[in-house]
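A.B. asks: Sequence and computational prediction follow.
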Amino acid sequence: MNSRRDGILREMGLAPLWRLRSAQAVEQNAPEELVAEQIAAPAPEPRQAAPRPAVGRAEAPVVQPLARFMPPAAEGGAPVPSPQPAGDLASLGWDELDARIRECAACDLCKRRKRAVPGVGDRQADWLFVGEGPGAEEDERGEPFVGQAGRLLDAMLTTIDLRRGDDVFIGNAVKCRPPNNRTPETTELAACFPYLQRQIELLQPRLIVALGRPAAQALLNQEIKIAAARGKLFAYNGIPVIVTYHPAYLLRNQPDKAKVWEDLCFARATMRRLKHGA
């Protein structure tokens with residue numbers, strides 16, 4: 001990390017940079033406070049292609065998802081029909097899926113968007129990070145996590161020797177910006193979920209990190225409270241899911257960075273178990 005970027009992080013209140021003390025620290029209990037060392041993080045080790053073994057059993061309990069996410073009931077108790085993307089997504093590859101997302105009109109979010117935001121990163125990544133939805137800058141550029149929250153996410157990745165686009169794919173639960181960056185509504189999450197579902201089918205990640213409550217609820221199809229879900233392993237179709245706070249939340253609540261540090265340590269230790277079967 002160069003001096004210019006260090007300066008940007010300091011101006012945003014994101015320094016000192018979090019960094020693991022050692023690999024041993026990951027295997028032990030996560031530290032209660034962030035490591036306050038403003039030093040350059042080493043470049044990640046080159047990725048080595050390897051066959052993906054079946055997901056190993058983790059120490060934390062795995063909770064399987066319920067039946068697919070349903071919108072709230074209308075008057076009289078009948079469920080509100082959820083709009084679905086036109087056509088079948090099961091046969092689409094990455095490029096066709098991205099094109100379908102950019103043209104989507106399955107919910108009202110399409111009416112005010114500038115650009116849909118399919119996702120970005122390594123299409124063979126072991127790591128999948130799922131956020132809530134695009135913000136203003138993401139809506140302008142068509143790429144997820146490019147504003148202040150995105151810069152913090154990049155710093156978070158650096159702490160566990162990851163970086164955007166290298167064994168990492170980043171997406172959102174909804175692909176279009178909700179007005180005024182509000183939380184996506186239930187019908188919007190339901191309408192957009194088939195796109196995320198297809199992305200996961202194509203990617204086949206080893207581990208999913210849900211950033212924030214809407215992302216966690218879309219993936220796990222259950223009511224989620226971040227404080228209660230942290231430090232546990234959930235599952236989406238057999239893929240382990242770890243829940244933590246969204247970077248945008250951390251910009252407003254910086255003391256909770258220590259909790260995210262613990263979650264990142266937990267995620268890294270989990271990935272090591274998945275890769276090595278320990």
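C.D. replies: Now that the structure is in, tell me what you want to look at. None of the values given here were measured: they were computed from a predicted structure.
A.B. asks: immediately after the host helix or strand of residue 139, which helix or strand?
C.D. replies: Assigned by DSSP states H and E, residue 139 belongs to helix 136-141. The helix or strand immediately downstream of helix 136-141 is helix 148-159, counting by DSSP H and E.
A.B. asks: so what does that following helix touch, helix or strand wise?
C.D. replies: helix 3-11, helix 247-252, helix 257-276 (3 or more CB pairs under 8 Å, 6 or more residues apart in numbering; DSSP states H and E). (C-beta placed from N, C-alpha, C; glycine too.)
A.B. asks: Let me have those in CSV, extended by mean neighbour count.
C.D. replies: Supplementary listing: those in CSV, determined by neighbours: other CB atoms under 10 Å:
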stretch, mean neighbour count
helix 3-11, 13
helix 247-252, 18
helix 257-276, 19
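A.B. asks: Would you format these as CSV with mean pLDDT and distance to residue 134 included?
C.D. replies: What follows is the helices and strands packed on helix 148-159, written out as CSV (pLDDT from 0 to 100; distance: least, CB to CB, whole Å):
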stretch, mean pLDDT, distance to residue 134
helix 3-11, 50, 21
helix 247-252, 94, 11
helix 257-276, 95, 21
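A.B. asks: Which one of those helices lies nearest to residue 173?
C.D. replies: helix 247-252 (13.5 Å; CB to CB).
A.B. asks: Mind listing what's buried along the helix holding residue 139?
C.D. replies: Of the residues in helix 136-141, 138-139 count as buried by neighbour count, 16 or more other CB atoms under 10 Å.
A.B. asks: Please tell me how far residue 211 sits from residue 264.
C.D. replies: Noted for residue 211: a distance of 11 Å to residue 264, by CB to CB, to the nearest Å.
A.B. asks: Return every residue with contacts to both of the two.
C.D. replies: Common contact partners of residue 211 and residue 264 (CB atoms under 8 Å, 6 or more residues apart in numbering): residue 244.
A.B. asks: Next one, pLDDT for residue 209 please.
C.D. replies: Predicted confidence (pLDDT) for residue 209: 98.
A.B. asks: Measure how buried it is and give me the count.
C.D. replies: 26 (other CB atoms under 10 Å).
A.B. asks: which residues of the stretch 51-200 of the chain fall in helices?
C.D. replies: 94-103, 136-141, 148-159, 186-203 (DSSP state H, counting those that start in this stretch).
A.B. asks: now for the second one, which elements pack on it?
C.D. replies: To tie it back to what came earlier, the one meant is helix 136-141. Against helix 136-141 (3+ CB pairs under 8 Å, 6+ apart) you get no helix or strand.
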